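**Q** Generate coordinates for the sequence data below:
(chains A and B)
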Amino acid sequence: QQQVKQSPQSLIVQKGGISIINCAYENTAFDYFPWYQQFPGKGPALLIAIRPDVSEKKEGRFTISFNKSAKQFSLHIMDSQPGDSATYFCAAVQRAPARQLTFGSGTQLTVLP
Amino acid sequence: NAGVMQNPRHLVRRRGQEARLRCSPMKGHSHVYWYRQLPEEGLKFMVYLQKENIIDESGMPKERFSAEFPKEGPSILRIQQVVRGDSAAYFCASSPDRSGYTFGSGTRLTVV
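**A** Here you go, the predicted structure:
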């Protein structure tokens, strides 16, 4: 059972464009929603995260939009750069006790120069 | 302050052999999580440990897989009698307080 659904599977954007990745969840016990960036041969690295009491969070070129009623959240990458080319995973964390991450299936982003 | 250290980076095992994957968490982190990533897929939770205790192993296969996090030394993920389907990247993440997870670079296991 896939608890966090992510789309699209792959995305190609021109340099300077906006990259948008969407995720949806079903489990209302999730209370923390991070996004991770992964380069080939590396582990995921935290990019930005949001809690459900906030509708938007911005850090530099990266913005999370969160719609609690629709159980959806998205990552926007403004002014996309070739160095942003990586795989992006949305995730959700369930309330205690374990608080493990449940990941989406990933989006492979390619930013063309 | 070194990050989460995983070794080996690459591990090749023949079918039926044992695989031991090690994870040294960041200094001060007492929570360790193991995840498995199959090719072209997201990471799947396997097990959550604190020092000397397995807290949640709901994502770990019931047979052949075991994990430990001893009082001294790294956390170990052990896979006995490996099969081709065990080929994957195994990631460890540590946390000081079950948030702010930091991932290692993973161990890529290939079963031949």
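**Q** Against chain A, how distant is the most centrally placed residue in chain B?
**A** With distances taken as Cα atoms, centre = their mean, B:Trp34 lies nearest the centre of chain B, 4.0 Å away. According to Cβ to the nearest Cβ, to the nearest Å, B:Trp34 stands 10 Å off from chain A. To be clear about C-beta, it is placed using only N, CA and C from the backbone, and glycine gets the same treatment.
**Q** can you pull the contacts of A:Gln81?
**A** By Cβ atoms under 8 Å, 6 or more residues apart in numbering or on different chains, the contact list for A:Gln81 reads A:15, A:111.
**Q** same question, the one 3 residues further on
**A** Contacts were defined as Cβ under 8 Å, 6+ apart; by that measure A:Asp84 touches A:19, A:77, A:109, A:111.
**Q** repeat that for 7 Å
**A** Taking Cβ atoms under 7 Å, 6 or more residues apart in numbering or on different chains as the contact definition, A:Asp84 lies against A:77, A:109, A:111.
**Q** can you tell me how far it sits from chain B?
**A** For A:Asp84, the distance to chain B under the criterion Cβ to the nearest Cβ works out to 19 Å.
**Q** do the same with A:Asn27
**A** 13 Å.
**Q** That residue contacts A:Gln3, doesn't it?
**A** Yes. Contact criterion Cβ atoms under 7 Å: A:Asn27 and A:Gln3 qualify, at 5.4 Å.
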